[in-house]
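[1] What shape does this take:
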Amino acid sequence: MSPGLPPSISLSFRTFARHCGNNVRRLIDGDRYIHRRGSRQGPRCRRNFAVRRRSRGFRHDHHGGRDRCDHRALHQHGMANSPMDGREMLVLLFKISLIKAFALNWANFNFVSEHLIDGLDELAGSLIGSATGEEAIGSAYFAARFDLQMDRLAEYGNEAASHMSRVSKALMGVFFMALIALVGGLAGAVLVLAKMMITLLIGLAPVMILCSMFDVTKDYFHRWVSSLASFSLYPVVIAGVFSMVFGLVTLLVSDLGAINTADKAGEMVPFLGVV
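    Residues are numbered from 1 along each chain as shown. You can find the predicted model right below:
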């Protein structure tokens, strides 16, 4: 008992100090505190506590009473630094050179983007030309051939409707207008959307290549590559589908010839069904 203090105050002070010391020890070593409680949840809590510590890269040394660092677990969680080998260094230098080439020199960037966009258009034109028997002329051949086929459908629709009654003319006009608007509108919308997305993704190329340097942002680079490849194939796929349609339309139109009689107008019905 401390001199100069009443016994009750001295006892209260010692009790308070003992209580604080117990709380500090409990906070420092939670595993021992759980073990001393002796409740039914004690073993499960101790297992969870040990699993959490091992997952963070520490193992308890039962002999020395200390926590040892598990470098393998730390490396898996990105908490340990490992030396870089030659292959990783070459890949990193290649990525840095790509970033420098595209981010700091827009002439190289424009060269790649123009060849990518125009090359896909020329490939689409080549597919159309192979089906129609004509040579592709530049990157605008696909759009020009598409407009030509739409005009040909409209002309044959007008010729077929000229030999029908008034009600049939109205129905045929509505049908052809809806057909041309649907086919042309959908194909044009898909092509324009693909061009816009390709332009946007190419503009993000320096940033996405920079993201490929780090493990945390590497997934963004992979998604960017997959999106760029998918949108780049849209014009090619549409050109492949319409190359068959254009070839079939050209063949049927050449067989039908000019629609100058009612019989020819009747033969137009299977043609419209195919289209």
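[2] what about this structure, any weak spots by pLDDT?
    Within the chain, the stretches with pLDDT under 70 are 1-84, 103, 129, 131-142, 156-157, 159-164, 249-275.
[3] Please enumerate the strands of it.
    For the chain, the strands defined by DSSP state E occupy 58-61, 66-69.
[4] Pop out the phi and psi values for Met213.
    The phi and psi torsions at Met213 (degrees, to the nearest 10) take the values phi -80, psi -20.
[5] tell me the contacts of it?
    For Met213, the residues meeting the contact criterion (C-beta atoms under 8 Å, 6 or more residues apart in numbering) are 92, 95-96. Placement of C-beta: from N, CA and C, glycine included.
[6] any idea how far it lies from Met150?
    Here the criterion is C-beta to C-beta, to the nearest Å. By it, Met213 lies 48 Å from Met150.
[7] So which bits of stretch 91-108 are buried?
    When burial is assessed from 16 or more other C-beta atoms under 10 Å, stretch 91-108 yields the following buried residues: 95, 98-99, 102.
[8] of those, closest to Leu186?
    Phe102 (34.0 Å; C-beta to C-beta).
[9] among the buried residues of stretch 91-108, which two are most distant?
    Using C-beta to C-beta for every pair in the buried residues of stretch 91-108, the one that comes out farthest apart is Lys95 and Phe102, at 11.0 Å.
[10] and the end-to-end length of stretch 209-220?
    Across its full length, stretch 209-220 reaches 9 Å between end residues, using C-alpha to C-alpha, to the nearest Å.
[11] which phi and psi does Asp215 have?
    Taking degrees, to the nearest 10 as the convention, Asp215 sits at phi -70, psi -30.
[12] sorry, that was for Val216
    In this entry, Val216 is assigned phi and psi values of phi -70, psi -40 (degrees, to the nearest 10).
[13] Determine the number of other residues adjacent to it.
    Neighbouring residues of Val216 were enumerated by other C-beta atoms under 10 Å; the total is 8.
[14] residues contacting it?
    When the contact criterion is C-beta under 8 Å, 6+ apart, Val216 has no partners at all.
[15] any idea how far Leu93 is from it?
    Distance from Val216 to Leu93, by C-beta to C-beta: 20 Å.
[16] Over to Tyr234?
    According to C-beta to C-beta, Tyr234 and Leu93 sit 34 Å apart.
[17] domains for this protein, by residue range?
    Partitioning the chain according to automatic domain parsing yields domains covering residues 7-76, 86-274.
[18] Return the member of the buried residues of stretch 91-108 nearest to Ser130.
    Each of these was checked against Ser130 using C-beta to C-beta; the closest is Phe102, at 34.0 Å.
[19] Touching, that closest one and Ile209? I think so.
    Yes. Applying C-beta atoms under 8 Å as the test, Phe102 and Ile209 come out as touching, 6.9 Å apart.
[20] can you count the residues close to Ala189?
    Ala189 has 10 nearby residues by other C-beta under 10 Å.
[21] gap between it and Ala144?
    When C-beta to C-beta is the yardstick, Ala189 and Ala144 sit 18 Å from each other.
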